[in-house]
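# the following block contains a protein sequence and its predicted model.
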Amino acid sequence: ERANQVAHALRKLGIRPESRVGLMMERCVEMVVSLLGVLKAGGAYVPLDVEYPAERLSFMVKDSGCHVLLTQQRFIDTLPAHDVKVVCVDSREAGFVDESKENLESGASAENLAYVIYTSGSTGQPKGVMICHGGLANYLNWCVEAYGIADGKGTPLHSPIGFDLSITSLFAPLLAGRSVTLLRGVEMEALPEALRLGDAFSLVKITPSHLELLNQSLKSADVAGVTKTLIVGGEALRGESISFWRINAPETRIINEYGPTETVVGCCAYEVSEKDVAKGAVPIGRPISNTQAYVLNEHQQLIPI
């Protein structure tokens, strides 16, 4: 109902399909409400990490063509230079509580934008990756079924929404009617504690580099039964990184999920089995549903199996 109220307010501000709405707030309930409100209004959300330098944030707001910026009062003084409408979601002046709680037709189609996530910019100017509803829906429909989300108790959300790892951890459990545990504070301090206290999460998703740190923070007894599925993505995965889990949580499924941001989170997946060796590169597997992968040579021609 709160997301619907945000959506109705955004509609009055002119948000429609293809409209971009910046989200600059901490990991909290208001962030999720705002994100869903943008989608319900038919718009596309643009994550703006509160930790980013002001210059980078200003570039992202301008480059993405944000129409509205949703934030919290505590970040008003740190907002980047901009010329868009700013709404503080935790302010009475926002007027959300006066809006209708009823669902509304978003008007968005499969071809319309769902979100714009910016690359790291490590090789130059950051670039906004534009993801449409069709690709997002396909990935999430596959994800909910392939990972058996409904069989567990939800997920911990420890990553910023500006990193598409969050798509799996946030949307998949909500679509399956499961809960999302929002972790506050530093990512790699909050996650180990959540796993020690948690039980039977549907999935935990993490990058290989963060997995190494997580392995060092947990004891052998901490990981047994903590999650039904461990998904590793974002970087190349090696067998050495998952040996801790294979030994101490043999009942946990381990998935190597591969995919650039442009292909909507993950486009290929490989489930590690008992037969897999403990060292070396873990395969990226095969394409997910409704997806094809092509292996080309240096001349951009298909190569044989």
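That came through, no problem.
# contacts and neighbour counts: CA atoms only from here.
Will do.
# count the residues that sit near the closest residue to N297 other than its chain neighbours.
Across the structure, with Cα to Cα, 6 or more residues apart in numbering as the measure, the residue nearest N297 apart from its sequence neighbours is I303 (6.2 Å). By the other Cα atoms under 10 Å criterion, the neighbourhood of I303 contains 11 residues.
# what about I303, distance to Q292?
Summarising the geometry, the distance separating I303 from Q292, computed by Cα to Cα, to the nearest Å, is 15 Å.
# what about Q300, neighbour count?
Using other Cα under 10 Å, Q300 has 9 neighbouring residues.
# any idea how far it lies from C28?
Taking Cα to Cα as the measure, Q300 falls 45 Å from C28.
# how about S109?
Computed as Cα to Cα, the S109 to C28 distance reads 28 Å.
# V50 now?
Taking Cα to Cα, one finds V50 at 13 Å from C28.
# picking up where we left off before, residues contacting the residue nearest to N297?
With contact set as Cα atoms under 8 Å, 6 or more residues apart in numbering, I303 has these partners: 295-297.
# per-residue pLDDT, V97?
Predicted confidence (pLDDT) at V97: the value is 87.
# which element follows the lowest-mean-pLDDT helix or strand in the chain toward the C-terminus?
Ranking every helix and strand in the chain by mean pLDDT, DSSP states H and E puts helix 187-197 at the bottom, with a mean of 88. Beyond helix 187-197 in the direction of the C-terminus, DSSP states H and E gives the next helix or strand as strand 204-206.
# just the buried positions in stretch 256-274, please.
Of all the residues in stretch 256-274, those buried under the rule 16 or more other Cα atoms under 10 Å are 256-259, 261, 263-272.
# looking at those residues, which is nearest T168?
When the buried residues of stretch 256-274 are ranked by distance to T168 (Cα to Cα), V265 comes first, at 7.8 Å.
# which elements pack onto the helix ranked longest in the chain?
With DSSP state H setting the assignment, residue counts place helix 133-146 as the longest helix in the chain. Using 3 or more Cα pairs under 8 Å, 6 or more residues apart in numbering; DSSP states H and E as the contact criterion, the neighbours of helix 133-146 among helices and strands are strand 113-118, helix 165-175.
# report all helices and strands that the helix or strand following that helix contacts.
Past helix 133-146, heading to the C-terminal end, the next element that is a helix or strand (DSSP H and E) is strand 155-157. Packed against strand 155-157 by the contact rule (3+ Cα pairs under 8 Å, 6+ apart) you find helix 165-175, strand 180-182.
# and the contacts of the first one?
Yep, that's helix 165-175 we're talking about. For helix 165-175, the external contacting residues (Cα under 8 Å, 6+ apart) are 140, 143-144, 149-150, 154-161, 179-180, 202-206, 233-234, 265.
# 6 Å - rerun?
Residues from elsewhere that reach helix 165-175 (Cα atoms under 6 Å, 6 or more residues apart in numbering): 144, 154-155, 157, 159.
# now stretch 227-246
Where contact means Cα under 6 Å, 6+ apart, the residues beyond stretch 227-246 that reach it are 200-208, 252-258, 278-282.
# weed out the non-buried ones from those.
For the contacts of stretch 227-246, a burial check counting by 16+ other Cα under 10 Å picks out 200-208, 252-258, 282.
# now do the contacts for the residue lying closest to G152 once chain neighbours are set aside.
On the basis of Cα to Cα, 6+ apart, the spatially nearest residue to G152 that is not a chain neighbour turns out to be S202, at 3.8 Å. By Cα under 6 Å, 6+ apart, S202 lies in contact with 149, 152-155, 227-228.
# ok, 8 Å please
The neighbours of S202, taking Cα under 8 Å, 6+ apart as the test, are 147-155, 173, 227-229.
# okay, now S241: neighbour count?
21.
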